[in-house]
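A.B. asks: Using only what follows, build the 3D model:
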Amino acid sequence: MDAIAAWLPAAFWAVVFLWSYHREPRQFRNAFFFLFLVITALFTVALASQELWVILPIGLLIMLSPFAFIAFLFANAWVVTRREGVSLATLLPLLFGVAVVAWFAAIPLSVGFHAPQWVFSAVVLLIAWGAWFFMSFTALLLYSTFYRLLPRKRVYDYIIIHGAGLNGEEPTPLLRGRIETAIRLWDRQGRRAVLVPSGGQGPDEVISEAEAMHRFLRTNGVGEESILDEDRSTTTMENLVFAKQLIEERQRGFPYRCAMVTSDYHVFRTATYARAAGIRGDGVGSKTAFYYFPTAFIREFIAITRKHWWPYAVIAALMLIPFIHQGVTAFGHEIGMF
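C.D. replies: Model prediction:
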């Protein structure tokens, strides 16, 4: 009976996650349900087992993972700047690593230097924000990987290919990977879908990304009748909104399902945007060079966090309650109310 009770928290989060995932897999909240499921399952295994070989790896994983993560970020920053040059984007792993170190050091430093109360309170607020930030980062990393790797055996009516820059009139290696992934998907389902290369012409580009993708598709055996260009968009959301307009003009009210092909790090954000745009479908990822994945994923996480800013406001409001209470109490004493 005790063994069954020990599994109840994990079973609870499993039910919540499966219910939410079944309703809509492209929701940010699924990431947290999935994280809670993983954590409760790991703790249950550790507590229920009397074997050292089970408890020790789980304990070491929990204790050492922050330090391993910091070391990985610094090492990755060195690799990516050597290969891609120094820029704000390539320095993201380094900046992220420094932020993690500062987060761990904030309270000990503020206590050690006898900081004023207001400084200590600000540090506590930053710690609370950081705790939510890193928890949501872990949740998104786990769930986006799960979402991307989960096998799907659906037949899609349209395959939207998201643009990713050009070298002159040729697709960049990143964009070429997306196009090739779309062609493989098209081949696997009997060449029955319409491919929608989506991307406008940037200020430094000779032709639109849609036109460059169109040429690549034709060169690689895709017929003209299987291509529908969207050449106005400049953002991920515009890719989807403008592609949807073209598709619905063609469908004339008939239902359809899309695959949104992009880079693997970009799959989940694209899927959430597709949900917001009212597109039924799934994200499909092309492989990204391993050394570049952390930089790209941090950018994705920041973009998603900007869309889900309200927890930071709630945390700040909760942290202000004691100060408001102190202020009201002091004012009350001053005017003789208390």
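
A.B. asks: List the contacts of W103.
C.D. replies: Applying CB atoms under 8 Å, 6 or more residues apart in numbering to W103 gives the contacts 126-127, 130, 134. Backbone N, C-alpha and C define where each C-beta goes, glycine included.

A.B. asks: centre of the chain versus stretch 153-161, how much separation?
C.D. replies: Going by CA atoms, centre = their mean, to the nearest Å, the spacing between the C-alpha centre of stretch 153-161 and its chain's C-alpha centre is 22 Å.

A.B. asks: tell me how far the ends of it are from each other?
C.D. replies: Using CA to CA, to the nearest Å, the end-to-end distance of stretch 153-161 comes to 19 Å.

A.B. asks: Mind checking the pLDDT average for that stretch?
C.D. replies: For stretch 153-161, the mean per-residue pLDDT is 93.

A.B. asks: now do stretch 223-234
C.D. replies: 95.

A.B. asks: same thing with stretch 195-212?
C.D. replies: Mean predicted confidence for stretch 195-212 is 92.

A.B. asks: in it, what's buried?
C.D. replies: For stretch 195-212, a neighbour-count test (16 or more other CB atoms under 10 Å) marks 195-201, 205, 208-212 as buried.

A.B. asks: quick one on the thing from earlier: which one of the contacts of W103 is nearest A10?
C.D. replies: F134 (22.1 Å; CB to CB).

A.B. asks: what's the helix or strand for the closest one?
C.D. replies: helix 117-149 (DSSP states H and E).

A.B. asks: which of the residues in that helix are buried?
C.D. replies: 121, 123, 125-127, 129-130, 133-134, 136-141, 143-148.

A.B. asks: Show me what that helix is packed up against.
C.D. replies: Applying 3 or more CB pairs under 8 Å, 6 or more residues apart in numbering; DSSP states H and E, one finds that helix 117-149 makes contact with helix 29-48, helix 92-112, helix 267-277, strand 281-286, helix 293-307, helix 310-335.

A.B. asks: tell me the mean pLDDT over the last one?
C.D. replies: Read it as helix 310-335. pLDDT averaged over helix 310-335 gives 70.

A.B. asks: ok, now stretch 268-284?
C.D. replies: For stretch 268-284, mean pLDDT is 94.

A.B. asks: Ends of that stretch, what's the gap?
C.D. replies: OK, stretch 268-284 end separation, CA to CA: 9 Å.

A.B. asks: Residue numbering should commence at 55 henceforth.
C.D. replies: Understood, numbering begins at 55; the last thing we discussed is stretch 322-338.

A.B. asks: Return the distance of stretch 235-254 from the chain's centre.
C.D. replies: On CA atoms, centre = their mean, the centre of stretch 235-254 falls 24 Å from that of its chain.

A.B. asks: May I see the buried residues of that stretch?
C.D. replies: Quick answer for stretch 235-254 (16+ other CB under 10 Å): 235-237, 239-240, 247-254.
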